Each structure stands twice: as structure tokens, then as C-alpha cells.
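Chemist: dropping a prediction and its sequence here:
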Amino acid sequence: MRVLGVDPGLTRCGLGVVEGSAGRRLAMGAAGVVRTPSDAPVAERLVRIEQGLEEWLDAHRPEVVAVERVFSQHNVRTVMGTAQASAVAMLCAARRGLPVALHTPSEVKAAVTGTGRAGKEQVGAMVTRLLRLDAPPKPADAADALALAICHIWRAPAVSRLQQAHAAARGARPGRPAGTPKGRTA
């Protein structure tokens, strides 16, 4: 599976391509950022992010796009910019018919480091180790994008099995929510 990880941001939108499958060696395809000037109008910055993402999609042909799920912060301005860049990434993927997976920062950190509270340095160190790189990817946004792709590769099989089990359970009990015993209603 080839995954494009996107760490959304208006100033620096991290991008990373990882190829592999759960339980097997992973390989980095590319890592970098799309930068936009902070003094440019937001609409122009979003167009630049879209253009950069389209170039990466053309160059690397991912099968899935994994995007960091926007989470609540105290800084509304930062959240808005992150959400806008995230929406651009999802739009670019959807336009091509590519599946989009959203992962929270704590899911990504837990998948890559073993703890959902890991710092940027820990994430960068583990990405370096897992992808057998000589040095951590710079800037940190690129390392975070690679971590998103790794997280998706590792989590996708389990998520798929859970979805299939849920669908099978619903199909086996028509008219009753999964897990509701026979003779009882929800």
C-alpha cells in the first residue's frame, strides 16, 4: 500500500509518502512540505496548497491519503488554518477517487511511538528508525506526515476487520442493532 500522509497547515503543509504493509518493512517514498507566505491572503495560500498537493498526487500516485484529523485547540486561528488545509487535502484526494483516512494526533503518536503523548522529537526519532533513515526528516511537519502514513498502514487492516465484523453482525440480525440479544429491543 502506498500512502500519502498530510500534516495540514497554512504556512507549512507536511507531506510524506510511505509504502508497505502491516508486519512488513516500510519504505519512504518522499517527504517535504508545501510552504505559503504568511502575509498572503488565505484564499491564495489554499490555492498554493492545492497546487502542491496535486503535484505530489501526480508524482507519487498514492492509493490512500491519510490526513491529520483537526482537533480542538485554544487558538481558533490555528485550528481554522489547519481545518482549511485539511479540507483542501481531502478535496484533492476525493477528486481522484482516492480514499481518505483521518487520524488524530494521539492515534498517530501512539501507533508510531507507543504513547499518545509523545513529543515531536520522539515521533521524528521513531519515523527515522522505522524507515531506516540516516537523520530525522526536516522540518518536523514532514516527519509528522510520514508518521501519519505509517499509522494508516499499520491501522488500516484492523479498522477494516472491525468494519467487516460490524457489518456482518448487523447483517446477521436484521432489524436489531448489533449486540442486541434476541427477544430484546434497543
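Modeler: Nice, I can see it. Residues are numbered from 1 along each chain as shown.
Chemist: the strands in the protein, which residues?
Modeler: 2-7, 12-19, 27-35, 64-68, 100-103 (DSSP state E).
Chemist: strands paired with the first one, and their directions?
Modeler: Next to strand 2-7 in the sheet, as set by DSSP bridges, lie strand 12-19 (antiparallel), strand 64-68 (parallel).
Chemist: turn these into TSV, including mean pLDDT.
Modeler: Below are the strands paired with strand 2-7 laid out as TSV (pLDDT from 0 to 100):
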stretch	mean pLDDT
strand 12-19	98
strand 64-68	97
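Chemist: mean neighbour count and distance to residue 130 added to the ones you listed, as CSV?
Modeler: All C-beta spots, glycine's among them, are computed from the backbone N, C-alpha and C. As requested, the strands paired with strand 2-7 are exported to CSV (neighbours: other Cβ atoms under 10 Å; distance: least, Cβ to Cβ, whole Å):
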stretch, mean neighbour count, distance to residue 130
strand 12-19, 26, 9
strand 64-68, 25, 15
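Chemist: reformat the strands of the chain as JSON lines; add distance to residue 163.
Modeler: Shown next, in JSON lines, are the strands of the chain (distance: least, Cβ to Cβ, whole Å):
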{"stretch": "strand 2-7", "distance to residue 163": "18"}
{"stretch": "strand 12-19", "distance to residue 163": "22"}
{"stretch": "strand 27-35", "distance to residue 163": "27"}
{"stretch": "strand 64-68", "distance to residue 163": "15"}
{"stretch": "strand 100-103", "distance to residue 163": "12"}
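Chemist: which one, of those strands, ends up nearest to residue 86?
Modeler: strand 64-68 (5.5 Å; Cβ to Cβ).
Chemist: what stretches of this protein score poorly on pLDDT?
Modeler: Filtered on pLDDT under 70, the chain yields the residue ranges 72-73, 160, 172-186.
Chemist: what about the helices in it?
Modeler: Along the chain, the stretches classed as helices by DSSP state H are 42-60, 76-95, 105-113, 120-130, 140-172.
Chemist: for the third one, buried residues please.
Modeler: Applying a neighbour-count criterion of 16 or more other Cβ atoms under 10 Å, the buried positions in helix 105-113 are 105, 107, 108, 109, 110, 111, 112, 113.
Chemist: of all the residues you listed, which comes closest to residue 8?
Modeler: Using Cβ to Cβ, residue 105 comes nearest to residue 8 of the buried residues of helix 105-113, at 11.4 Å.
Chemist: quick one on the thing from earlier: which of the helices of the chain sits closest to residue 23?
Modeler: helix 140-172 (8.7 Å).
Chemist: from the contact counts, what lies against the closest one?
Modeler: strand 2-7, strand 12-19, strand 27-35, strand 64-68, strand 100-103, helix 105-113, helix 120-130 (3 or more Cβ pairs under 8 Å, 6 or more residues apart in numbering; DSSP states H and E).
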